[in-house]
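Undergrad: Give me coordinates for this.
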Amino acid sequence: MDLSVFGQSRKMPDSSSLFEEILSADGIRGRSAMCAYCKGSKMLCGKDRCPVIARFHSAAKVRANLDTTSLEGSSPPSVFIGRFGYPDVSIGPMIPPYLGDTSLMDTPERWTGLTIDDIIDFRSSLVRGMHRVKVQDVDSPNKLVVRTRDLALARAPPEVDAEFQRKPHSRFTVNDDVQPFGASAPLRKFDVSNFRFDSRLEKAFFDTDLKASEAVAQLYKSGTLVSQIQRAFSVGAFGVSRRRRFVPTRWSITAVDSNLGLHMLQTTKTYPLVNEYRVYERVSLDNRWTILMMPTTWRYELIEAWYPNTAWNPYSDKIAIMGDHEYFDGRTTYAGIGGCYYAARLAVNELLQRERRQAGVSILREAHPGYILPVGVWNVRENVRVALRSPPRRFSTLQEALTHVSTVMDIPISRWIRNSAILKDALYQRRIDDSWG
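TA: As a prediction, the model looks like this:
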């Protein structure tokens with residue numbers, strides 16, 4: 001995809017200082033001499049490509065535009081609420097140094113099909129402004145608070161004119177729960193023009209008697225994008241007035257995914273079972289997925305296998321496998337593998353709701369070395385969604401379905417079964433309410 005619409009820098013950056021900033025942000029300097037020996041050419045870390053080089057090229061494109069304490073650009077719209085220091089947090093806009101339709105930069109529903117370089121490019125262009133507040137100060141008259149909230153409720157990219165206390169520092173943040181972003185700096189002030197509220201978000205914001213969970217469900221039903229709901233949720237736009245709070249972006253993403261999934265499960269569990277075994281498949285960003293659906297009452301698991309030299313398994317020479325699951329009665333603890341568990345569960349329930357069916361579901365994910373940087377939990381939600389919109393392979397028995405899975409995934413099916421609660425249960429336990437091929 002051609003992302004040149006977002007512009008180019010006007011002069012060459014100071015490459016040495018930019019490299020230093022990227023290495024420092026990653027914690028590489030002082031930790032290992034490997035990068036100094038490799039210089040991005042020998043691939044000593046084992047990755048297919050050097051993540052430092054990839055980030056450097058993206059940061060260099062916008063570096064010249066950030067050599068200032070002021071910035072004008074069209075926010076996608078996008079805001080970020082930090083979590084460090086909670087209940088005191090940093091809030092503020094995210095702004096690229098470009099004007100125009102930048103909505104792609106913060107709409108993960110449109111990111112499937114992009115390359116990892118595309119995502120790094122436009123996410124590294126987003127500059128984060130920061131203002132420190134207490135989480136309960138959502139109704140503060142402070143202009144930085146009001147404008148941050150307004151931006152989260154915007155319908156389309158408004159123009160933002162920001163002034164920082166210092167020049168933005170290049171720190172491309174990566175986390176598997178939130179989308180990456182680039183440089184950051186404390187805010188002095190910012191103004192928003194050409195601004196219009198999204199009428200659905202605005203209505204939920206002004207309904208101070210509506211519970212947050214009900215607002216989330218109603219907005220989703222009205223067709224509001226999950227990413228829009230998550231953004232508004234993070235600025236405390238929903239809920240009973242006295243209970244509204246800023247919610248760190250990382251937490252708001254999972255809170256909305258989890259809330260919507262639980263809301264759907266109330267009816268999913270009442271539907272008749274699917275009448276076959278299905279296998280859905282997807283390959284994206286060097287991640288390989290299979291989603292196995294079984295004719296049982298609701299149960300669900302997500303198992304992730306991280307190959308050596310991937311983002312969350314950088315030093316081991318062995319594949320790391322981890323997963324979480326739930327049965328019909330659900331979970332009582334937070335899933336150890338994090339927000340991806342709830343993102344995938346939401347995507348699965350969307351399909352079951354469309355078909356008015358319930359099923360047992362086992363999702364297997366292989367993250368291969370080409371996945372050089374984590375790009376956010378959206379990667380799970382949106383790729384599972386895409387997979388489930390494709391025609392599945394259909395089988396009459398579990399054994400036939402697993403045989404097919406073994407031809408799709410690199411890891412032997414026996415190892416998946418050893419790490420699975422749902423597959424072992426289906427293979428070795430029979431219940432009166434289960435249908436068996």
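Undergrad: rest of the way, CA atoms for contacts and neighbours
TA: Will do.
Undergrad: Enumerate every residue touching Thr420.
TA: If you look again at residue 420, you'll see it is Ser, not Thr. By C-alpha atoms under 8 Å, 6 or more residues apart in numbering, the contact list for Ser420 reads Glu301, Ile303, Gly323.
Undergrad: would you list the residues you listed in TSV and tack on pLDDT and secondary structure?
TA: Shown next, in TSV, are the contacts of Ser420 (pLDDT from 0 to 100; DSSP: H, G, I helix; E, B strand; the rest coil):
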residue	pLDDT	secondary structure
Glu301	98	strand
Ile303	98	strand
Gly323	96	strand
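Undergrad: Identify the residue nearest Arg188 in space, chain neighbours excluded?
TA: Ranked by C-alpha to C-alpha, 6 or more residues apart in numbering and with sequence neighbours excluded, the top spatial neighbour of Arg188 is Phe164, at 4.9 Å.
Undergrad: Is the one you found in contact with Ala183, as I believe?
TA: No. Using C-alpha atoms under 8 Å, Phe164 is not in contact with Ala183, being 11.8 Å away.
Undergrad: picking up where we left off before, what sits opposite the residue nearest to Arg188 in the beta ladder?
TA: On the basis of DSSP bridges, Phe164 is bridged to Leu187.
Undergrad: Give me the pLDDT for it.
TA: For Phe164, the model assigns a pLDDT of 96.
Undergrad: OK, contacts around it?
TA: Here Phe164 is in contact with Thr69, Ser70, Gly129, Ala185, Pro186, Leu187, Arg188, Lys189 (C-alpha under 8 Å, 6+ apart).
Undergrad: ditto for Val145
TA: So Val145 contacts Ile91, Gly92, Val138, Asp139 (C-alpha under 8 Å, 6+ apart).
Undergrad: Can you give the contact residues for the lengthiest helix in the chain?
TA: Counting residues, the longest helix in the chain under DSSP state H turns out to be helix 249-268. By C-alpha under 8 Å, 6+ apart, the surrounding residues in contact with helix 249-268 are 80-83, 177-178, 213, 216-217, 226-227, 229-231, 233-234, 298, 339, 342-343, 345-346, 349-350, 352-353, 356-358.
Undergrad: Now list the buried members of those residues.
TA: 80-83, 177-178, 213, 216-217, 226-227, 229-231, 233-234, 298, 339, 342-343, 345-346, 349-350, 352, 356-358 (16 or more other C-alpha atoms under 10 Å).
Undergrad: secondary structure element for the spatially closest residue to Ala162 that is not a sequence neighbour?
TA: Computed as C-alpha to C-alpha, 6+ apart, the closest residue to Ala162 that is not its neighbour in sequence is Phe190, at 4.1 Å. Assigned by DSSP states H and E, Phe190 belongs to strand 184-193.
Undergrad: which other helices and strands contact that strand?
TA: Judged by 3 or more C-alpha pairs under 8 Å, 6 or more residues apart in numbering; DSSP states H and E, strand 184-193 is in contact with strand 127-134, helix 143-152, strand 159-164.
Undergrad: if we go to 6 Å?
TA: Counting contacts by 3 or more C-alpha pairs under 6 Å, 6 or more residues apart in numbering; DSSP states H and E, strand 184-193 packs against strand 127-134, strand 159-164.
Undergrad: Tell me which of the ones you listed sits nearest to Ser284.
TA: Closest approach to Ser284 among those is made by strand 127-134 (27.0 Å; C-alpha to C-alpha).
Undergrad: Residues in contact with that closest one: which ones?
TA: Strand 127-134 is contacted by residues 87-96, 182-187 when judged by C-alpha atoms under 6 Å, 6 or more residues apart in numbering.
Undergrad: how about low-confidence regions in the protein?
TA: Within the chain, the ranges that satisfy pLDDT under 70 run 1-65, 170-180, 430-437.
Undergrad: Can you give the domain ranges for it?
TA: 66-193, 277-428 (automatic domain parsing).
Undergrad: Could you tell me the end-to-end distance of the shortest one?
TA: By that I understand domain 66-193. 21 Å (C-alpha to C-alpha, to the nearest Å).
Undergrad: before we move on, what about stretch 317-332?
TA: OK, stretch 317-332 end separation, C-alpha to C-alpha: 34 Å.
Undergrad: repeat for stretch 316-329
TA: For stretch 316-329, the end-to-end distance is 36 Å (C-alpha to C-alpha).
Undergrad: all helices of the stretch 201-350 of the chain, in order?
TA: For the stretch 201-350 of the chain, applying DSSP state H, counting those that start in this stretch gives helices covering 212-221, 226-234, 249-268, 339-355.
Undergrad: Can you give me the buried ones in the longest one?
TA: Buried residues in helix 249-268, counted by 16+ other C-alpha under 10 Å: 249-265, 268.
Undergrad: circling back to that earlier point, so which of the contacts of Val145 is surrounded by the most neighbours?
TA: Counting by other C-alpha atoms under 10 Å, Ile91 has the largest number of neighbours within the contacts of Val145, with 31 neighbours.
Undergrad: can you tell me which residues contact that one?
TA: Phe80, Ile81, Met130, His131.
Undergrad: Now distance to Ser390 too, for those, in JSON lines please.
TA: Below are the contacts of Ile91 laid out as JSON lines (distance: C-alpha to C-alpha, whole Å):
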{"residue": "Phe80", "distance to Ser390": "33"}
{"residue": "Ile81", "distance to Ser390": "35"}
{"residue": "Met130", "distance to Ser390": "41"}
{"residue": "His131", "distance to Ser390": "44"}
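Undergrad: and of those, the nearest to Ala367?
TA: Phe80 (27.0 Å).
Undergrad: Would it be right to say that the closest one lies in a strand?
TA: Yes. Using DSSP: H, G, I helix; E, B strand; the rest coil, the assignment for Phe80 is a strand.
Undergrad: how close does it sit to Trp306?
TA: 28 Å.
Undergrad: Trp251 now?
TA: 23 Å.
Undergrad: Now do the strands in this protein.
TA: 70-74, 79-81, 88-95, 127-134, 159-164, 184-193, 277-284, 287-294, 299-306, 320-326, 360-367, 393-395 (DSSP state E).
Undergrad: if we can go back for a sec, quick one: which of the contacts of Phe164 is the most crowded by neighbours?
TA: Busiest of those [other C-alpha under 10 Å] is Gly129, holding 28 neighbours.
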